[in-house]
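# Coordinates only, no sequence provided:
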Ligand SMILES: C[S@@+](CC[C@H](N)C(=O)[O-])C[C@H]1O[C@@H](n2cnc3c(N)ncnc32)[C@H](O)[C@@H]1O
């Protein structure tokens, strides 16, 4: 795996691959995030035991997880050239990086994630494909300026409060070439009390039907409800638009999860 070294960061060798060290701002944000109600979710991405089991989770909690990843790859491929560069934010675990790299032999990737443990797992998941991936530890502000031919952010934006989500989307767009696509997917469902509860019950039912113990699935739904800074689909579309994206299209809906493709204006 190669690392292009942005001016502000020093690259360091770390058990066979490189990280670009997170800057102080990222560290500050990290410590601030510990004070937020969703910090317990984020801290699981730094727990080596939880991370070792990470790959088992999404397929049992996200209806149509593999199809959603495949659709993301196809949506990117509509615009990204054969030798294109793709920015993957929230790249920890490496699951979508592997799907994209397997699908497109000429694409190169920059993957950004604040969790060192999740980046280690990405490296393991990628195996030899890691030679086409540059991993950066940090947040969107750590990502190189690009411009990229496409970007994606899967199962990540629901951890970000509206203001940080808008900043993240705006900075993602600034790193895209004109007309380049962004693909996102995350929890996004109606937030009125009765509807919220109904959709979270459906989330828990899917997880239980996929092999997660029913009590764990119910607890996870309660934790999502209480601790994540959830938004409705209308709010998510409004944020994408406010961040400057055009032609925002829904491509995926799986109970509480929604996915959109949106484009940087030409
Ligand atoms: C549920 S995992 C999703 C990982 C991967 N995209 C997937 O679909 O398997 C969420 C990831 O988002 C990362 N994350 C949390 N806050 C973030 C932020 N503000 N910017 C980028 N990534 C973030 C976490 O460290 C974690 O690796």
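Perfect, I can see it now. Keep in mind that what you see is a predicted model, and the values were worked out from it rather than measured. Numbers count the residues shown, from 1 in each chain.

# For the protein, which segments are assigned as helices?
With DSSP state H, the ranges of helices along the chain come out as 24-33, 39-44, 48-52, 56-61, 65-77, 95-103, 116-126, 162-174, 193-209, 214-227, 233-242.

# Lowest average confidence across the ones you listed, which one?
Lowest mean pLDDT within these: helix 24-33, at a mean of 36.

# Next to the ligand in this structure, residues from the stretch 101-250 of the chain, please.
113-115, 118, 139, 154-156, 159-160 (C-beta under 6 Å from any ligand atom). C-beta coordinates here come from the backbone N, C-alpha and C atoms, glycine included.

# can you tell me the residue of this protein closest to the ligand?
residue 92 (2.6 Å; C-beta to the nearest ligand atom).

# Contact partners for that residue?
Neighbouring residues of residue 92 by C-beta atoms under 8 Å, 6 or more residues apart in numbering: 45, 54, 113, 115, 117-119, 121-122.

# mind putting the residues of the stretch 101-250 of the chain next to the ligand in TSV, neighbour count and distance to residue 240 included?
Listed next are those as TSV, based on neighbours: other C-beta atoms under 10 Å; distance: C-beta to C-beta, whole Å:
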residue	neighbour count	distance to residue 240
113	25	21
114	22	22
115	23	25
118	24	25
139	23	18
154	25	15
155	24	17
156	19	14
159	21	17
160	24	13
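
# Against residue 200, how distant is the residue lying farthest from the centre of the chain?
When distances are taken from the C-alpha mean of the chain, residue 194 lies farthest, 28.0 Å away, according to C-alpha atoms, centre = their mean. Counting by C-beta to C-beta, to the nearest Å, the separation of residue 194 from residue 200 is 11 Å.

# list the buried ones in the strand ranked longest in the chain?
Across the chain, the longest stretch assigned as strand under DSSP state E is strand 246-254. By neighbour count on 16 or more other C-beta atoms under 10 Å, the buried set for strand 246-254 is 248, 251-254.

# for it, packing partners?
Under the contact criterion of 3 or more C-beta pairs under 8 Å, 6 or more residues apart in numbering; DSSP states H and E, strand 246-254 touches helix 65-77, helix 233-242, strand 257-263.

# Tell me what angle the longest one forms with helix 95-103.
The directions of helix 65-77 and helix 95-103 differ by 60 degrees, with axes from the mean of the first three to the mean of the last three C-alpha atoms, to 10 degrees as the criterion.

# Likewise for the second one?
Using the same axes, to 10 degrees, the direction of helix 233-242 lies 60 degrees away from that of helix 95-103.

# Buried residues, helix 233-242. List them.
Buried residues in helix 233-242 (16+ other C-beta under 10 Å): 236-237, 239-240.

# which outside residues touch it?
157, 162, 165-166, 169, 182, 184, 186, 188-190, 231, 248, 250, 258, 260, 262.

# next one: the longest one
Around helix 65-77, the neighbours that count as contacts under C-beta under 8 Å, 6+ apart are 58-59, 62, 86, 95-96, 99-100, 103-104, 150, 152, 154, 181, 183, 185, 251-252, 254, 257, 259, 261.

# Which among those count as buried?
Buried among the contacts of helix 65-77 by 16+ other C-beta under 10 Å: 58, 62, 86, 95-96, 99-100, 104, 150, 152, 154, 181, 183, 185, 251-252, 254, 257, 259, 261.
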